[in-house]
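Q: Below: sequence and its predicted model.
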Amino acid sequence: MKTIICPNYLKNDLINKLLSENNSFYLLNTKIIPFNAYINYSQDIEDELLYLYAYKALNRIKDDLVIYKNMIKYPAFIKEVVDFSKELITYDISIDTLLDDTVQKKELKKIFYELIQLPFNEKYYQTYQVKEDIQDLLIVDYFTNNTYEYNTLKKMLNNGAKLIKLSDIENSSKSVKFALNNREEIESVAQDICIKENALDSIIICSDITNQLPVIKQVFKRYNIPIQNPKHKIKSKVASDFVIIANLAINKDFDSLMEYLSILNMNKSTLKYIENNINSPFDLLTLLNIENEDILIQINDIKYNLNILLQNENYNNILLNTFTILKDMYSSNNQSEINVIKQIRTIIENCYKYIETKEELEHILYFINKIETNIEDTISKGVIITNLQKPVFNKKYSYVVGCSSKVYPGFKGLKGIFDEKYISNTSYPSLNERHHNYYDNLKWIEHSANEVIFSYHISDLSGKNVEGSFELEKYGKASKWNLLAINDLKENKHTIDGNISKQIFFKNSSLYGSVSSFEQFFSCPYKYFINYGLKIKEEIDNEIDAITIGNIIHEVMEILINKYKKEYTEVSDFVIDEILLDLKNELLLKHPKEIVLINQLFRSIKDNLKTNLEFSKEMENDTSFKPEYAEYKFRNFSINNNEVIINGSIDRIDIAYDLLRIIDYKTGSISLRVADIESAQLLQLVTYLIVACTLLNKKPMGAYYYSFKTNTFSVDANYESIDLHENFIKANRLNGIYFNEDTTSLSSSDPKIIYAHKKSSNNGSLSYLDYEILLEGFNKIYKEIYNKLQEGFIDTQPTKDACSYCPYKSICRYKGIEYTPNKIFSFVEGEVNEVE
């Protein structure tokens, strides 16, 4: 009897290869098993139960901990320390050799002394001995990142085992290609496959398969290239539904009920009725008099299971009841669903009798929620898609795609709590050894085909530069993919007749619009023409996206400012919860099936608001300005004697005596350069300032961006000596400009604001911008757009980043370089500067 050590994903291909070599339909006297099965390693205790044991053990000693005391409640932390404990056992590392030069590391030692007593399966590795003579063993030349497994396989080969090579190709041709971006790179590969002989005899080796596979599937489908994608995993909906059901039994609250109802595919009218008529899940059990018969039927259908979930107070019985309900929901013959249900049943059987508290149950639910399901393409012939660490049998052509310096060759050292320094004094496999083993495993790529092409792209879709991997230099100079495209079209200068332009854009000789629309004109006139002239609108999916998040934050701030004015930073969590609950319920009515996403979204928004209110409190305490208006709307504001008429809404206006400042909220990263104001690239901020000053008859103090994206900052390892609060405030400052030299004492002090100004060389104080010059420039900017549209100027002149997310690229097909906008006006020379 021959035994072959082979990973499961290669088993079918290996069997086909052996049958073909033996010219037979049967494979006799041969056993094909993975490494752990061969060495008789058995999973005596499942990971989920081990994690539960670990939680219980660390909970017993948490009062002896200071730094990690509160970390024990997080399942992710439990998993991290347990997984590292497995490595300590696998490599027979004494805990005494771990570093203990800080309080943190001393506590980690204490944690490991407690965990090491648990029944780890890995303790078996310390007892296993490789046989001296193993002539009847064959080993497939597969990739393993596990140093113990790698070294054991090498010992087996030295003791007589034979190697089954995935490739018999010794000298393959190798070359390097590059493309502009990820999509063009994949499309170039697709075209190359199409024009070669034996097109399907190819392998695509992905350096970053998570991001590349969706693009490959889209592009290859368009070229009608069939693909084989070895078994891959996605998050299991079955497991997610199990957790939702269990959470209702645990929390017994309205939010958990709505989550539960969302997975039952109830119709919108029923969900809306429940939303408006009950306050608690228990109310649903007593609802009787419902006029709508369809709603009554749906509610009655769920009462039995609902009663079981709500009446149960025993935490381990919650698992059993939840499983019974889940099994009834998924009674189909879908094998992947059946497999996940079996996994959940195994976890319950193992952990059921050990669960005593709510926290322990929530730990088990965390790991159930991590269950993934296997997806296996049924196509048996086609281009093989794999990744760097999943070798396959050789083909005629190999394309190694996405070889940027970030992901190729993909070796990663230890980071986080247990980094290279932490294991430096132990017998843990050294960085050099792991590096050597990784590259030895990676050699399969060079022999994976007769022709191997390494490929990368030089920019991402936002235009940011991407560097090719240094490792590619040994294969020669890179050449650009010869992508076949319709790129010989002459760039036409777009224009329309002035009379037609007046009919499209003007009303009674006036140009109407919002400030953002005119800002779009200066980023690309042709985009403005398609959007606001032809009124061709992008198809907007009714989904929850970044715009939704921005709107929610704007609404919250509007409510807080209008009701509490300057004291909005002092409101309690209860007030914020009430505001968010109303907004969440509105969103749930629009997206009843997205309750899980919406709940997570609002938890994140609440955390974000609390963090930003910490900065806002510092800012408000440091200024005489008081917020007076939120979402201040204006209509028909005239510019240049009614040549241009604008509408808009200003996020926030603050008043101090006869002075005014405006604040514009942003949810993403922000940057402010005076040059962008002068070239009309940042038109909205200064327009709103001028509108506010004019309508409210106030003098300008300044205009600022307020980003709700919390910025992080770096600290030294010895962070005890650093004022974290001060660093946080500095990292999350406003970004703005100001105009009044004599009243800077009324504005927030320098640490709270980043200015687009340089300091005076005389006394180091902040210079200011001239408001009169801004007013003059403001009129010039709107005169410019007025005159150009009067003439019918709509040419393609995209400025930086204008094309990145433009929905009209398929219409204009612009292939030229980005346009550098000219300054329309200029502030006094020497008193402006750029801010990074």
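A: Received, thanks. Numbers count the residues shown, from 1 in each chain.
Q: Give me the domain ranges for this structure.
A: Following the assignment in automatic domain parsing, the chain carries domains at 2-41+128-164, 47-126, 173-231+380-480, 235-375, 498-541+787-812.
Q: now these as TSV including mean neighbour count?
A: All C-beta atoms are positioned from the backbone trio N, CA, C, and that covers glycine. Shown next, in TSV, are the domains of the chain (neighbours: other C-beta atoms under 10 Å):
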stretch	mean neighbour count
domain 2-41+128-164	15
domain 47-126	17
domain 173-231+380-480	17
domain 235-375	17
domain 498-541+787-812	17
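Q: Next one: the most far-flung residue of the chain relative to its centre from Y41, what distance?
A: Most distant residue from the mean C-alpha position of the chain: D133, 50.7 Å away (C-alpha atoms, centre = their mean). According to C-beta to C-beta, to the nearest Å, D133 and Y41 sit 21 Å apart.
Q: residues contacting the residue lying closest to the residue farthest from the centre of the chain once chain neighbours are set aside?
A: Closest residue to D133 apart from its sequence neighbours, by C-beta to C-beta, 6 or more residues apart in numbering: G160 at 5.4 Å. G160 makes contact with 133-135, 137 under the criterion C-beta atoms under 8 Å, 6 or more residues apart in numbering.
Q: ok so, going back, quick one: secondary structure of the residue farthest from the centre of the chain?
A: coil (DSSP: H, G, I helix; E, B strand; the rest coil).
Q: in the stretch 651-800 of the chain, which segments are predicted with low confidence?
A: In the predicted model, the stretch 651-800 of the chain carries pLDDT under 70 at residues 710-732, 741-767.
Q: Can you list the residue ranges for strands in it?
A: Secondary structure of the stretch 651-800 of the chain (DSSP state E, counting those that start in this stretch): strands at 659-666, 699-707, 734-738, 753-755.
Q: which of the residues in the longest one are buried?
A: Taking 16 or more other C-beta atoms under 10 Å as the neighbour-count basis, strand 699-707 is seen to contain the buried residues 700-707.
Q: just the residues you listed now: which is nearest S448?
A: Taking C-beta to C-beta as the measure, S448 sits nearest to S707 out of the buried residues of strand 699-707, at 46.8 Å.
Q: distance of the closest one from L613?
A: Taking C-beta to C-beta, one finds S707 at 14 Å from L613.
Q: With I559 instead?
A: Distance from I559 to L613, by C-beta to C-beta: 13 Å.
Q: Then Y53?
A: Y53 sits 41 Å away from L613, going by C-beta to C-beta.
Q: And I299, by the same measure?
A: 40 Å.
Q: now do T127
A: Here T127 is placed at a distance of 57 Å from L613 (C-beta to C-beta).
Q: Over to N211?
A: Per C-beta to C-beta, N211 is found 35 Å from L613.
Q: now swap in S430 and tell me
A: Remark: distance between S430 and L613 (C-beta to C-beta) = 48 Å.
Q: Same check on L65?
A: From L65 across to L613, the span is 31 Å (C-beta to C-beta).
Q: now do I164
A: 63 Å.
Q: Likewise for I645?
A: 37 Å.
Q: Equivalent analysis for F254, please.
A: From F254 over to L613 (counting by C-beta to C-beta), the distance is 26 Å.
Q: least trustworthy helix or strand in this protein by mean pLDDT?
A: Counting by mean pLDDT, DSSP states H and E, the chain has its least confident helix or strand at strand 753-755, which shows a mean of 57.
Q: which residue ends up closest to the midpoint of the chain in space?
A: With distances taken as C-alpha atoms, centre = their mean, N211 lies nearest the centre of the chain, 11.3 Å away.
Q: Show residues contacting the helix or strand encompassing that residue.
A: Using DSSP states H and E, N211 sits in helix 209-222. If you take C-beta under 8 Å, 6+ apart as the criterion, helix 209-222 is touched by 182-183, 186-187, 190, 204, 206, 226-227, 229, 232, 383, 385-387, 401-402.
Q: Sitting in strands, which of those do you find?
A: 204, 206, 227, 232, 383, 385-387, 401 (DSSP state E).
Q: Check the gap between the closest residue to T820 other than its chain neighbours and Q681 for me.
A: Among residues not flanking T820 along the chain, T799 sits closest, at 7.4 Å (C-beta to C-beta, 6+ apart). Separation of T799 from Q681 (C-beta to C-beta) stands at 6 Å.
Q: still on that earlier bit, closest one to I95 out of the buried residues of strand 699-707, please.
A: When the buried residues of strand 699-707 are compared against I95 (criterion: C-beta to C-beta), the nearest one is S707, at 45.1 Å.
Q: Out of the strands of the stretch 651-800 of the chain, which gets nearest to L689?
A: strand 699-707 (4.3 Å).
Q: quick one: that closest one to chain centroid distance?
A: When C-alpha coordinates are averaged (C-alpha atoms, centre = their mean, to the nearest Å), strand 699-707 and its chain have centres 31 Å apart.
Q: and the angle for it with strand 734-738?
A: Angle of strand 699-707 versus strand 734-738, following axes from the mean of the first three to the mean of the last three C-alpha atoms, to 10 degrees, is 160 degrees.
Q: can you list the weak-confidence ranges in the stretch 501-650 of the chain?
A: The stretch 501-650 of the chain contains residues with pLDDT under 70 at 539-542, 593.
Q: and with 80 instead?
A: 538-546, 590-596 (pLDDT under 80).
Q: of all the domains of the chain, which lies closest to S624?
A: Nearest of those to S624, taken as C-beta to C-beta: domain 498-541+787-812 at 28.3 Å.
Q: Give me the distance between the two termini of that closest one.
A: Domain 498-541+787-812 has an end-to-end distance of 21 Å (C-alpha to C-alpha, to the nearest Å).
Q: wait, M71 sits on K79?
A: No. Between M71 and K79 there is no contact under C-beta atoms under 8 Å: 11.6 Å.
Q: now stretch 77-95: how far from the chain's centre is it?
A: 29 Å.
Q: Oh, that last question was meant for stretch 695-713, not what I typed.
A: Remark: stretch 695-713 is offset 28 Å from the chain centroid, using C-alpha atoms, centre = their mean.
Q: For N642, which non-adjacent residue is closest in space?
A: Once flanking residues are discounted, N642 sits nearest to S510: 5.2 Å by C-beta to C-beta, 6+ apart.
Q: and if you look at L589?
A: That would be K272: by C-beta to C-beta, 6+ apart, it lies 6.3 Å from L589.
Q: Likewise for L137?
A: Once flanking residues are discounted, L137 sits nearest to A161: 4.1 Å by C-beta to C-beta, 6+ apart.
Q: Can you tell me how far the one you found is from N224?
A: Distance from A161 to N224, by C-beta to C-beta: 44 Å.
Q: quick one, helices of the stretch 701-836 of the chain?
A: Secondary structure of the stretch 701-836 of the chain, counting by DSSP state H, counting those that start in this stretch: helices at 724-731, 771-791, 809-812.
Q: taking these together, which one is wrapped up most tightly?
A: helix 771-791 (a mean of 18; mean count of other C-beta atoms under 10 Å).
Q: about what we covered before: please identify the one among the contacts of G160 that lies nearest to L583.
A: Once C-beta to C-beta is applied, the member of the contacts of G160 that ends up nearest L583 is L137, at 64.0 Å.
Q: does that closest one have beta-bridge partners, and which?
A: Note on L137: beta-bridge partners T3, judged by DSSP bridges.
Q: where does it land on pLDDT?
A: As predicted, L137 sits at a pLDDT of 94.
Q: was I right about it contacting M1?
A: No. Using C-beta under 8 Å, L137 makes no contact with M1, being 10.6 Å away.
Q: Now do the end-to-end distance for stretch 285-300.
A: Stretch 285-300 end-to-end distance (C-alpha to C-alpha) = 8 Å.
Q: Renumber starting at 21 from here on
A: Sounds good: first residue 21 from here, last item stretch 305-320.
Q: what about it, distance to the chain center?
A: On C-alpha atoms, centre = their mean, the centre of stretch 305-320 falls 41 Å from that of its chain.
Q: What mean pLDDT does it get?
A: Rounded mean pLDDT across stretch 305-320 is 80.
Q: Which strands and helices lie in contact with the host helix or strand of E127?
A: Assigned by DSSP H and E, E127 belongs to helix 123-135. Applying 3 or more C-beta pairs under 8 Å, 6 or more residues apart in numbering; DSSP states H and E, one finds that helix 123-135 contacts helix 67-81, helix 95-110.
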